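Participant: Mind folding the following:
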Amino acid sequence: MSATIPFTIKSGGMEEVRLAMQSLWLTGRLMAAGARLWVRHEFAVSGSKPLEVVYSCVLPRDAALRRFRVVTSSGTIESELKPVSDAVTDYEEGIAAGALSTLARVYKDGLVNLNCGNIRPGETVSVLLEVLAGVELHDDGFRFRFPFTLAPSYHPQARLALREDGIGEIELPASFDDVLLPPWVACAEGLHRVGFELTLEMETFHGIASPSHSISSRGNRVALAVSGDVPDRDLVLDVETGRKPFLVTGPAEDGKKHFAGILPSAQFGEITETPRSVLVVLDRSGSMEGDPIQQAVAAIKACLALLTADDQIGLITFSDGCTRWKKSLVPATKVNRNDMAWRLGEVRASGGTELGPALAEATKILGPGGEIFLVTDGQVFETAEIVTMAAARGIRVHVLGIGSASQDRFLAQLARQTGGVSRFLTPKERVDEGAAELFAAIGRPVARIEEAETDDGRVLCGVPTAIFSGTPAHLLGTGSGALRLKVDGAWLVW
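Facilitator: Residues are numbered from 1 along each chain as shown. Coordinates of the predicted model:
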């Protein structure tokens, strides 16, 4: 697992400049439907001339950068939302005038560059980002994931270089505009320290745990149990809230309140044992080498035990190219399941991550009503293009993400836009249990939502066409009346 150095120094001179990264601290509030976060990163620079520093990070799942603040010994800069061209012009004029200037831009794949120019020698700087983020919803709670690191991702036209000091650099093609990626290192021990302290803003919850970090909790507050950690993996928190419907309302607007509804799948029905057609798509690229590919194979083998001879199964493995197990889907007989398990045992990880072509190939094999079960770490660039292509093919994609670094932003979008569901597991978890729970629901929705409305408002977004076991319906809208859903021809009211 690699860790990233989140700053890049842009300096026109030959003088050696040292950037002393001190800490990254996460605070904020966790709610049943999302999170409001403040990320504070402190650093100091050496040298004899003013510098421009580019702070790089990646947004979490369903996240938006709301605002930022830069605090230095010479003053504080608050962000202001402007058109890109105006913001760039103001920043360049500020740099030319010798003033402390900042510019934040969100690029493809949720990459963020925050430029901070004319930092004086020896100055200590605090960068504070306010981020609104989503969570991975489960029937009985949610999983919150925050990226403490940014893993190197694949692009066929990217240029990679490894310096003699062990630091790697990635340069993306021109289609990414002028985005800068941070350097990355194989070991995070010498980097800045990370920590967190978060508040759970909900009336009741039944428990909180973390598969990624040692935590301490008191009341509704949770924090890192030790004084500091290294940025070599994401923060993951699991909060258990129970299985009751949850409706939360916000400030009124024109007499109508904003609301978020979370309705457990058990409210709609149970899984029916109907035959299904599932094509497994396994990522065997180089980033999956080691524990990830072993976890992925173990997860798929656990899923094979849930199939019967009435089901249809297939397998594609991919890296730079695709390899089919069979030319088409075959009955999931014991013989075929054993043969697929043996083939999985022979898989080795290497090469690039050509996920888009793999999904396109998968749609050629599947017929109407088929489903894709994708197992990957999701470490690719230009993810929007992959999501658009997959959604246009009309095939539902369910995703099991594996790894220490956050790609659940992309994988959640891929599943949601195609009508599927997603889960992202860490290296320290038993992937067989999580994979089996997700796989059991594939191809067997407990209900289909046809319409959603309130008595005096409207549902804005987030209406799923199909509800799968273990994953609640999440709806956003405005109105002060009852929430009504037309489900499989009948109206349900909350």
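Participant: Could you pull out the strands in the stretch 51-200 of the chain for me?
Facilitator: 51-58, 64-72, 75-78, 101-106, 111-119, 124-133, 136-138, 141-146, 159-162, 167-171, 184-185, 193-200 (DSSP state E, counting those that start in this stretch).
Participant: so residue 344 makes contact with residue 300?
Facilitator: Yes - Residue 344 is in contact with residue 300 according to C-beta atoms under 8 Å; the separation is 5.9 Å. Any C-beta I mention is one placed from the backbone N, CA and C, and that applies to glycine too.
Participant: Next, show the common contact partners of the two.
Facilitator: Counting by C-beta atoms under 8 Å, 6 or more residues apart in numbering, the residues touching both residue 344 and residue 300 are residue 282.
Participant: Against residue 246, how distant is residue 204?
Facilitator: From residue 204 over to residue 246 the distance is 10 Å, taken as C-beta to C-beta, to the nearest Å.
Participant: More neighbours: these two, which one.
Facilitator: residue 246 (20 against 9; other C-beta atoms under 10 Å).
Participant: what helix or strand is the closest residue to the more buried one other than its chain neighbours on?
Facilitator: Nearest non-adjacent residue to residue 246, counting by C-beta to C-beta, 6 or more residues apart in numbering: residue 262, 4.3 Å away. Assigned by DSSP states H and E, residue 262 belongs to strand 256-263.
Participant: Against which helices or strands is that strand packed?
Facilitator: strand 246-253, strand 473-478, strand 483-487 (3 or more C-beta pairs under 8 Å, 6 or more residues apart in numbering; DSSP states H and E).
Participant: Give me the below-cutoff pLDDT ranges for the stretch 201-350 of the chain.
Facilitator: In the predicted model, the stretch 201-350 of the chain carries pLDDT under 70 at residues 247-256.
Participant: which stretches of it form helices?
Facilitator: Ranges of helices in the stretch 201-350 of the chain, per DSSP state H, counting those that start in this stretch, are 291-304, 334-345.
Participant: Just the C-alphas of the last one, formatted as CSV.
Facilitator: Right, the one you point to is helix 334-345. Taking C-alpha atoms only, helix 334-345 is exported to CSV below (Å, rounded to 0.1, in the frame of the first residue of the first chain):
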residue,chain,number,x,y,z
LYS,A,334,-21.4,-28.3,-8.9
VAL,A,335,-19.0,-29.3,-11.7
ASN,A,336,-19.0,-25.8,-13.1
ARG,A,337,-18.7,-24.1,-9.7
ASN,A,338,-15.7,-26.3,-8.9
ASP,A,339,-14.1,-25.6,-12.3
MET,A,340,-14.6,-21.8,-11.8
ALA,A,341,-13.1,-22.1,-8.3
TRP,A,342,-10.1,-23.9,-9.7
ARG,A,343,-9.7,-21.2,-12.4
LEU,A,344,-9.8,-18.5,-9.7
GLY,A,345,-7.0,-20.2,-7.8
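Participant: And it, what's buried?
Facilitator: Across helix 334-345, burial judged by 16 or more other C-beta atoms under 10 Å covers 336-337, 340, 344.
Participant: same thing with stretch 443-463?
Facilitator: Buried residues in stretch 443-463, counting neighbours by 16+ other C-beta under 10 Å, are found at 443-447, 449, 452-454, 457, 459, 462-463.
Participant: Distance across it, terminal residue to terminal residue?
Facilitator: Separation of the first and last residues of stretch 443-463 by C-alpha to C-alpha, to the nearest Å is 19 Å.
Participant: mean confidence for that stretch?
Facilitator: Taken as a whole, stretch 443-463 has an average pLDDT of 79.
Participant: Quick one: residues in contact with that stretch.
Facilitator: With C-beta under 8 Å, 6+ apart as the criterion, stretch 443-463 contacts 256, 259, 265, 268-274, 276-278, 369, 371, 464-469, 473-489.
Participant: How about residue 62, nearest residue that isn't a chain neighbour?
Facilitator: Closest residue in space to residue 62, ignoring its immediate chain neighbours: residue 134 at 2.8 Å, by C-beta to C-beta, 6+ apart.
Participant: where's that neighbour relative to residue 416, distance?
Facilitator: Distance from residue 134 to residue 416, by C-beta to C-beta: 10 Å.
Participant: swap in residue 141?
Facilitator: In terms of C-beta to C-beta, residue 141 sits 19 Å off from residue 416.
Participant: With respect to residue 221, which of the buried residues of stretch 443-463 is nearest?
Facilitator: The closest of the buried residues of stretch 443-463 to residue 221 turns out to be residue 462 (C-beta to C-beta; 28.8 Å).
Participant: just to revisit the earlier point, show me what contacts the residue nearest to residue 62?
Facilitator: Residue 134 makes contacts with 33-35, 60-63, 412, as judged by C-beta under 8 Å, 6+ apart.
Participant: Quick check: it vs residue 143, distance?
Facilitator: Distance of residue 134 to residue 143, computed by C-beta to C-beta: 11 Å.
Participant: same check, this time on residue 429
Facilitator: 11 Å.
Participant: Settle it for me: which of those two has more neighbours?
Facilitator: More crowded of residue 429 and residue 143, by other C-beta under 10 Å: residue 143, with 19 against 15.
Participant: Against residue 162, how distant is that one?
Facilitator: Plainly put, residue 143 is 34 Å away from residue 162 if you go by C-beta to C-beta.
Participant: next one: residue 103
Facilitator: 30 Å.
Participant: Same drill for those two, tell me which one is more crowded.
Facilitator: Shown here are residue 103 and residue 162; by other C-beta under 10 Å, residue 103 has more neighbours (20 against 11).
Participant: residues in contact with the residue nearest to the more buried one when sequence neighbours are not counted?
Facilitator: Of all residues not flanking residue 103 in the chain, residue 91 sits nearest, at 3.9 Å (C-beta to C-beta, 6+ apart). Residue 91 is in contact with 101-103, 115, 117, counting by C-beta under 8 Å, 6+ apart.
Participant: I'd like to know which of the residues you listed is nearest to residue 81.
Facilitator: Ranked by distance to residue 81 (C-beta to C-beta), the contacts of residue 91 are led by residue 103 at 12.1 Å.
Participant: where does the closest one sit relative to residue 483, distance-wise?
Facilitator: Taking C-beta to C-beta, one finds residue 103 at 42 Å from residue 483.
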